[in-house]
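> sequence? don't have it. structure:
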């Protein structure tokens, strides 16, 4: 396959397939980070939280089972082969979560909404991608690199790998055990709630995450090119997609491009299956202004935190990267604060009258 269509296209197809699964999960299964947080705090409904936990457990089981079988070395993933600053994890996570609330969705959710015809999501996603690239390699890159340096790790930078050195148990054993416990607990809760559709799409989302790591690892260790071992995240890939549209003649397609297009395609298919594709636009300039500001915050925050709600909240957590829990909690807290401001007013956050 690598010789037939080329390594860049194979990586693109891997991203496309996983993105398609995630897009379908978003549109048909209501798989959404912000929706999960809003339901939990303001709707007293934990169904989407159990779906997210099921996805995480499924991806964790698949990833560590593959490592136990010798199909992948999780220590080669970008998330485990680098040391990311703790300050960036906290500040970036808070900024991303607050921006997600202002924008009405994360990057992944924006792409799924775009697939259903939401032009507001298109505008906000563009701003998020440009802001992320400005912090990653653009006008803010020097400041970001100076304040939040990323250094190579001398050993796999994963919680289970660290625990393995202390306990004597193999990291895959710890990962599989933890994944099974999470998946079983979440599945039981969803079945008791009669949410069988959420159960199906939670598993599908988990498979999509693990397919990214397994697929890119296979290409990186089978082909002749240098490919990062990664999975789905939706900040830099949006910027990569913008760059590819402008410079396709000199830029190869890659995993991020496939992932972005896959989610949009999955969102389109899901909208056609569920309730029909509809073009939507913003009628209130104040709402659009708020969403654009949220997109910029998400782009910058995700770069500081080395990932978004999917990149850290699922991909990094599924392999137990050291900073992932801290980023996930920070994103949740930032989103909660943003939602309180929108729903209850500024005084609910800042204590003002």
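Perfect, thanks for sending it. Quick caveat, the model's predicted, so the values are computed rather than measured. Numbering: from 1, shown residues only.

> and the residue nearest the centre of the chain, what pLDDT?
The structure's the chain has its C-alpha centroid closest to residue 310; by CA atoms, centre = their mean the separation is 1.6 Å. Turning to residue 310, the model gives it a pLDDT of 96.

> how close does it sit to residue 281?
Computed as CB to CB, to the nearest Å, the residue 310 to residue 281 distance reads 26 Å. C-beta coordinates here come from the backbone N, C-alpha and C atoms, glycine included.

> where does this structure dip in pLDDT?
Applying pLDDT under 70 to the predicted model, the residue ranges of the chain that meet it are 1-3, 346-353.

> mind listing what residue 8 touches?
Residues in contact with residue 8 (CB atoms under 8 Å, 6 or more residues apart in numbering) are 225, 252-254.

> Was I right to think the residue nearest to the centre of the chain contacts residue 33?
Yes - the pair residue 310 and residue 33 qualifies as a contact (CB atoms under 8 Å) at a distance of 7.3 Å.

> what sits in contact with each of the two?
With contacts defined as CB under 8 Å, 6+ apart, the residues adjacent to both residue 310 and residue 33 are 106, 108.

> And for the nearest residue to residue 196 once chain neighbours are set aside, the neighbour number?
Once its chain neighbours are removed from consideration, residue 196 has its nearest residue in residue 190; the separation is 7.3 Å (CB to CB, 6 or more residues apart in numbering). Other residues near residue 190 come to 23 when the count uses other CB atoms under 10 Å.

> got a list of what residue 190 touches?
When contacts are counted by CB under 8 Å, 6+ apart, residue 190 touches 47, 50-51, 54, 196, 198-199, 202.

> Phi, psi for it please.
Taking degrees, to the nearest 10, you get phi -70, psi -40 for the backbone angles of residue 190.

> would you say residue 315 is within a helix?
Yes - under DSSP: H, G, I helix; E, B strand; the rest coil, residue 315 falls within a helix.

> which residues does the closest residue to residue 27 other than its chain neighbours contact?
Spatial nearest neighbour of residue 27, excluding adjacent residues (CB to CB, 6+ apart): residue 270 at 2.6 Å. If you count contacts by CB under 8 Å, 6+ apart, residue 270 has them with 23-24, 26-28, 112, 115-116.

> Switch those over to CSV; also include distance to residue 265.
As requested, the contacts of residue 270 are arranged in CSV below (distance: CB to CB, whole Å):
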residue, distance to residue 265
23, 6
24, 9
26, 12
27, 11
28, 13
112, 10
115, 7
116, 11
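
> quick one: residue 122 and residue 111 touch, right?
No - Residue 122 sits out of contact with residue 111 when judged by CB under 8 Å, with a separation of 9.3 Å.

> of the two, who's got more company?
Set residue 122 next to residue 111 and count neighbours by other CB under 10 Å: residue 111 wins out with 31 against 15.

> Just say helix, strand or coil for the more buried one.
Taken by three-state DSSP, the conformation at residue 111 corresponds to helix.

> Offset the numbering so it begins at 758, please.
Let's use 758 as the start, then, which means that last one is residue 868.

> thought it was touching residue 991?
Yes - taking contacts as CB under 8 Å, residue 868 lies within contact range of residue 991: 6.5 Å.

> Neighbours of the closest residue to residue 891 other than its chain neighbours, how many?
Closest residue to residue 891 apart from its sequence neighbours, by CB to CB, 6+ apart: residue 897 at 5.2 Å. Applying the criterion other CB under 10 Å, we find 15 residues in the vicinity of residue 897.

> Let me see the backbone angles for residue 897.
Geometry field for residue 897 lists phi and psi as phi -100, psi 0, criterion degrees, to the nearest 10.

> got it, and residue 837?
When quoted as degrees, to the nearest 10, the phi and psi of residue 837 stand at phi -100, psi -20.
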